[in-house]
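Participant: got a predicted structure here, sequence first:
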Amino acid sequence: MVAGEGDINPYLQQEVMTASPARLRWLLIRRSEELCGMVATMWEMGQYELSKQWMIRIREIIGELLEGVKDESNPVSTPISDFYLYLLKLSLEVEGTQDRQRLKVLKDLLAIESETWRLVIEKVGAESQTASASSIFPALPSSSESVGGSFSLEV
């Protein structure tokens, strides 16, 4: 189940090494969502023992996500921690019962969390591009200001 040194995708390794904290979180959430799909496929193929290993990995990922939100000074830390604790509990129930409907709920919740973090990354990226552009291009005078005497920016 665990990849050896030679099995690591160099592109993915580079992406992880250069990713922002928000992007790392998003990558972890996406991976756990993908693993839920793998577990469902394994159940369909009758590979219950192998599926347990992937359920353990899903819980490990959720545990990593939980560790990242234990800042008691942050007011949103507690509800997010509670959410990840719920996901951990749900994953234990899923493994214990092999309930396909509960697995779908887990996957759906992870998909919502993944989309939330994708939007955060998109917003942060857009804000940093705007900040970069404003530092490269100085602010233009307003349309009421003239440039160089007789030339106006009004069109």
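Facilitator: That came through, no problem.
Participant: for this structure, which segments count as strands?
Facilitator: All strands of the chain, identified by DSSP state E, fall at 146-147, 151-152.
Participant: how close does the closest residue to residue 98 other than its chain neighbours get to residue 97?
Facilitator: Closest residue to residue 98 in three dimensions, ignoring its sequence neighbours and counting by C-beta to C-beta, 6 or more residues apart in numbering: residue 43, at 6.3 Å. Bear in mind the C-beta positions are built from the backbone N, C-alpha and C, glycine included. From residue 43 over to residue 97 the distance is 11 Å, taken as C-beta to C-beta, to the nearest Å.
Participant: show me the helices in this protein, by range?
Facilitator: 10-18, 21-44, 48-67, 77-97, 100-136 (DSSP state H).
Participant: now those as TSV including mean neighbour count?
Facilitator: Listed next are those as TSV, based on neighbours: other C-beta atoms under 10 Å:
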stretch	mean neighbour count
helix 10-18	10
helix 21-44	18
helix 48-67	17
helix 77-97	16
helix 100-136	14
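Participant: any weak-confidence spans in this protein?
Facilitator: 1-19, 128-155 (pLDDT under 70).
Participant: mind doing that once more with 90?
Facilitator: Residues of the chain that meet the criterion pLDDT under 90 lie in 1-22, 68-77, 123-155.
Participant: hang on, isn't residue 37 packed against residue 107?
Facilitator: Yes - counting by C-beta atoms under 8 Å, residue 107 is a contact partner of residue 37 at 6.7 Å.
Participant: need the residues touching each of these two.
Facilitator: In terms of C-beta atoms under 8 Å, 6 or more residues apart in numbering, residue 37 and residue 107 are not both contacted by any residue.
Participant: how near is residue 28 to residue 92?
Facilitator: To residue 92, residue 28 is 19 Å away according to C-beta to C-beta.
Participant: again with residue 37
Facilitator: Using C-beta to C-beta, which is the criterion applied here, residue 37 is 19 Å from residue 92.
Participant: got it, and residue 81?
Facilitator: Summarising the geometry, the distance separating residue 81 from residue 92, computed by C-beta to C-beta, is 17 Å.
Participant: these two touch, right, residue 38 and residue 54?
Facilitator: Yes - counting by C-beta under 8 Å, a contact exists between residue 38 and residue 54, whose distance comes to 5.5 Å.
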